[in-house]
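# sequence first, predicted model second:
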Amino acid sequence: MAAVAEAPARHDRQSLDGVPVQAAALRRWRLGPVAQREVILALLLTLCYGFFYQVPFWNENSRYDLVLALVDDGATRIDRYHENTGDKSLYVGHYYSDKGPGSSLLGVPVYALMRAMAAQAGSERPDPTTVLHALTFTVSGLTTVLLAVLLLRFLRPHVGERWALTVTVAYALGTIAFPFATMYFGHAASTFFLFAAFYVLSRPCAARSTWSPIWAGFLAGWAVLVEVAAIIGVSVLLLYALSRHRRAPFLMAAGALPPALVLLGYNWVSFGGPFSLSYSNVANSGFAAGMSRGVLGVTEPKLSVLGEILLGPRGLLRLSPWLALAPLGFCAALWRAYSWREVAVCGAIVWAYLLSNAGYYLPLGGVTPGPRFLMPALPFAAVLAGLVPRAARPRSEPLIALSLALVSIATVTMPNATEAVKAPLEDLWLPRFLTGNLAKTTAWVRWGLPGAQPLIVLGLAAAIATGALYATTLRTPLARRLAGVGAGLLAALVLGFGTPLDPSWGVGSSVRADVGRPWIAVAAAGTTLVPGEKGQPKVEAWAHLENFGGEMGQTMVIFSIHDSSGQQVWAAWHGHVRWRPHERKRLGVEWTPPSLAPGEYRLAVRVTAAAPGLHVDEQQVLTRVEDAARLRVRA
């Protein structure tokens, strides 16, 4: 009898319980070390950028007003909102934002969603502070995270994984890209779009691809739609594209057409013509006079201004000395004839923005941490700095560490320093940092960590990220698991502290005392002595306050300063302060006395229930801290 052949067993593909196939599927989805590092970096940066509620000034409010007008009014006029900003245009009796519309257009879906959610909850409009935080996170924070990942990917094949990661962290947390990722300016988004266009063009496949120049053009168009000054960098990219293929600039132009039409249409609707820019209709007479010089305020470069924006008290190299490596990296790369096109593009963009900024009538850009008009050049300068010879890298690391420290101090205190502060590092950021006078954070608003305690969260995240990144360099199963655990912990911190979504809502309400009882506590308070506008001292007093009770209407938060004898020498207050249940606030006042005698002073903080017709001293006291903080004035 002939033998009957049996079908071969299929144990090589699947066992009876299916475990090998599942394991294979898990292996396919498991991230490699390179991808793990990108995820860890992105999580750390997302946490850092979403952590802060910076105080908005004119620039942010102008963009925010346009978001409100587009969604609430279906128009580009900001007539109903313009009083919160001086950055506005006036055309035919109506007010408009004087900024490019791109950053506001990016924020429209965010605000529309938040408005719909507020309406669903029975509220007419979402809280403005929460909205501005969400807009900042989406438009400035996430775009800077994406830029950092692209920068890492660009540098990796040129300088190696470790140095590429070091330079990327230096850019993301050791330049003014960090504070601008926490504020609703347009520079972060515009810089991302510009560098993303360069990244797409620089890929090896771009020279023979049709879609790469089109995508690059679309990204470049968005860069200009957000900030018109991006046209400087886009011009260099067009020449770069031409050097790759003669038809590439035309493909870029085709890709840029949609955002260009949006910009032209916005100009037409708002200012009567497609080429009539908002900057040509500035309402502020001083700004209008400056913008009338040369081309939109840019004339011939001035050597003194170049020195100011690089080496002055707010100069780029004052906060980020590691960027001084860029010329060395540029020369070293050209000497090695290494990727000369890309090196030339980076050098040209850096020089173009330096020269244009040196010729601008307002080189530092007003209320900012530094020369903000250089922002589009920073990732390209980082590329050049990353190309320094290998022997110079160990000597560069102390400069990077110093930059990380200085920029972090500026960001966690008050990065958008006013023009009255001549040397913000010495006169504002360091004094605030040393007295615990920090910016409002999600750690305080959501979880009640007052004073300097939020820094513990950032320090913990940095330690976890460092350990997880180190684990990705080891080739053991335990190291892979530790890297995964680190990424998971960072993700948990991001969910708790680093996004506009508040997971603490309602947490703890069941364990608190009677919610109907007025109960406000002063969690932390302090004073900071800084120079005033005319050299006289200025005292900043602040307090973190928490409402442990139910909703309250009219209250007053009173700050008073007393000398060593107990005599009150000054007082100021916030009136008509309303409280939601379990709400936390950070409030502050400023005192500029004609003179301040040496000695020790104490700060008292009092919260009263405001009542019409009653003097402050006659109102019901909800909380009182007579010795909230001390101020020592030296002779």
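Here it is on my side, so go on.

# so which residue is dead centre in this protein?
Nearest residue to the geometric centre of the chain (Cα atoms, centre = their mean): Ala181, 1.6 Å.

# now do the helix or strand containing Phe433, average pLDDT.
Phe433 belongs to helix 430-434 when assigned by DSSP states H and E. Across helix 430-434, the average pLDDT comes to 95.

# contact partners of it?
409, 412-414, 437-438, 528-530, 540 (Cβ atoms under 8 Å, 6 or more residues apart in numbering). C-beta coordinates here come from the backbone N, C-alpha and C atoms, glycine included.

# I'd like the distance between Ala181 and Asp73.
29 Å (Cβ to Cβ, to the nearest Å).

# for stretch 278-285, buried residues please.
Buried residues in stretch 278-285, counted by 16 or more other Cβ atoms under 10 Å: 278-284.

# show residues contacting that stretch.
Contacts with stretch 278-285, where a contact means Cβ under 8 Å, 6+ apart, come from 86-91, 95-100, 228, 267, 270-271, 288, 291, 296-297.

# give me that answer again for 10 Å
58, 62, 66, 76, 82, 85-92, 95-101, 228-229, 266-267, 270-273, 287-292, 296-297 (Cβ atoms under 10 Å, 6 or more residues apart in numbering).

# buried subset of these?
Judged by 16+ other Cβ under 10 Å, buried ones among the contacts of stretch 278-285: 58, 62, 66, 76, 82, 85-89, 91, 95-101, 228-229, 266-267, 270-271, 287-288, 290-291, 296-297.

# okay, and which of these map to helices?
58, 62, 66, 266-267, 270-271, 287-288, 290-291 (DSSP state H).

# returning to that earlier point: so the residue nearest to the centre of the chain sits right up against Leu47, yeah?
No. Using Cβ atoms under 10 Å as the test, Ala181 is too far from Leu47 to be in contact (11.5 Å).

# so what sits against both of the two?
Shared contacts of Ala181 and Leu47, defined by Cβ under 10 Å, 6+ apart, are found at Gly141.

# okay, the closest residue to Arg208 other than its chain neighbours and Leu251: tell me how far apart.
Leaving aside its sequence neighbours, Arg208 sits nearest to His245 (Cβ to Cβ, 6 or more residues apart in numbering; 7.6 Å). Distance of His245 to Leu251, given as Cβ to Cβ: 9 Å.

# same question for Phe380.
Shown here: Phe380 relative to Leu251, a distance of 22 Å by Cβ to Cβ.

# of these two, which one has the most company?
Phe380 (28 against 20; other Cβ atoms under 10 Å).

# counting neighbours, what do you get for Asp427?
18.

# going forward can the numbers begin at 244, since that is how I track them
With the count now opening at 244, the last piece we talked about shows up as Asp670.

# A strand includes it, no?
No. The assignment for Asp670, made by DSSP: H, G, I helix; E, B strand; the rest coil, is helix rather than a strand.

# show me what contacts it?
556, 660, 663-664, 773-775, 781 are the contacts of Asp670 under Cβ under 10 Å, 6+ apart.

# restricted to helices, list the residues you listed.
Using DSSP H, none of these sit in helices.

# from these, which has minimum pLDDT?
Here the lowest pLDDT out of the contacts of Asp670 sits on Gly775, with 75.

# His376 reaches Phe295, doesn't it?
Yes. Counting by Cβ under 10 Å, His376 does reach Phe295; the two are 8.5 Å apart.

# on the three-state scheme, Ala767 is what?
Three-state call for Ala767 (three-state DSSP): strand.

# before we move on, back to that, next, count neighbours for the residue nearest to Arg451.
Count around His488 with other Cβ under 10 Å applied: 17.

# can you tell me which residues contact Arg405?
Here Arg405 is in contact with 280, 399, 636, 712, 716 (Cβ under 10 Å, 6+ apart).

# how about the top strand by length along the chain: buried residues?
Counting by DSSP state E, the longest strand found in the chain is strand 863-876. Neighbour-count burial for strand 863-876 flags 865-866, 871-872, 874 (criterion: 16+ other Cβ under 10 Å).

# direction included, what does that strand pair against?
strand 842-852 (antiparallel) (DSSP bridges).

# run the chain-centre distance for the strand it pairs with.
In this view, strand 842-852 has its centroid 33 Å away from the chain centroid, taken as Cα atoms, centre = their mean, to the nearest Å.

# just the C-alphas of it, formatted as PDB.
C-alpha atoms of strand 842-852 as PDB (Å, rounded to 0.1, in the frame of the first residue of the first chain):
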ATOM      1  CA  GLY A 842      15.800  97.500  56.600                       C
ATOM      2  CA  GLU A 843      13.500  94.500  56.800                       C
ATOM      3  CA  TYR A 844       9.900  94.700  55.600                       C
ATOM      4  CA  ARG A 845       7.100  92.100  55.800                       C
ATOM      5  CA  LEU A 846       4.300  91.300  53.300                       C
ATOM      6  CA  ALA A 847       0.700  90.800  54.500                       C
ATOM      7  CA  VAL A 848      -1.900  89.200  52.300                       C
ATOM      8  CA  ARG A 849      -5.600  89.500  53.100                       C
ATOM      9  CA  VAL A 850      -8.800  88.300  51.300                       C
ATOM     10  CA  THR A 851     -12.100  89.900  52.100                       C
ATOM     11  CA  ALA A 852     -15.600  89.600  50.900                       C
END
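
# what comes up buried for it?
Buried residues in strand 842-852, defined by neighbour count with 16+ other Cβ under 10 Å: 844-852.

# closest one of the residues you listed to Val586?
Distance to Val586, by Cβ to Cβ, is smallest for Leu846 among the buried residues of strand 842-852, at 55.1 Å.

# you'd agree the closest one is up against Phe802?
Yes. With contact defined as Cβ under 10 Å, Leu846 reaches Phe802; the gap is 6.7 Å.

# what sits in contact with each of these two?
768, 770, 782, 784-786, 871.

# which ones among those are found in strands?
Using DSSP E to define strands, the subset of the shared contacts of Leu846 and Phe802 located there is 768, 770, 782, 784-786, 871.

# and Ser528, how far from Gly540?
14 Å.

# stretch 617-628 - what's its average pLDDT?
For stretch 617-628, mean pLDDT is 97.

# gap between it and the chain center?
Remark: stretch 617-628 is offset 17 Å from the chain centroid, using Cα atoms, centre = their mean.

# go on, stretch 336-351?
Worked out by Cα atoms, centre = their mean, stretch 336-351 lies 19 Å from the chain centre.

# and it, end to end?
End-to-end distance of stretch 336-351 (Cα to Cα, to the nearest Å): 25 Å.

# may I see the buried residues of stretch 785-802?
785-792, 795, 798-802.

# hey, C-alpha coordinates of that stretch in CSV?
Taking Å, rounded to 0.1, in the frame of the first residue of the first chain, the C-alpha atoms of stretch 785-802 are listed here in CSV:
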residue,chain,number,x,y,z
TRP,A,785,2.8,87.9,44.7
ALA,A,786,0.7,85.1,46.2
HIS,A,787,-0.7,81.7,45.3
LEU,A,788,-4.2,81.5,46.6
GLU,A,789,-6.6,78.5,46.6
ASN,A,790,-10.3,78.4,47.1
PHE,A,791,-11.3,75.3,49.1
GLY,A,792,-14.9,76.3,49.2
GLY,A,793,-17.7,76.8,46.8
GLU,A,794,-18.2,79.6,44.2
MET,A,795,-17.8,83.1,45.4
GLY,A,796,-18.5,86.4,43.7
GLN,A,797,-17.0,89.7,44.8
THR,A,798,-13.8,89.4,46.8
MET,A,799,-10.8,91.6,47.3
VAL,A,800,-7.2,90.4,47.5
ILE,A,801,-5.2,93.0,49.5
PHE,A,802,-1.4,93.2,49.6
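
# ok so, going back, which of the buried residues of stretch 785-802 lies closest to Glu585?
For the buried residues of stretch 785-802, the nearest to Glu585 is Trp785 (47.3 Å; Cβ to Cβ).
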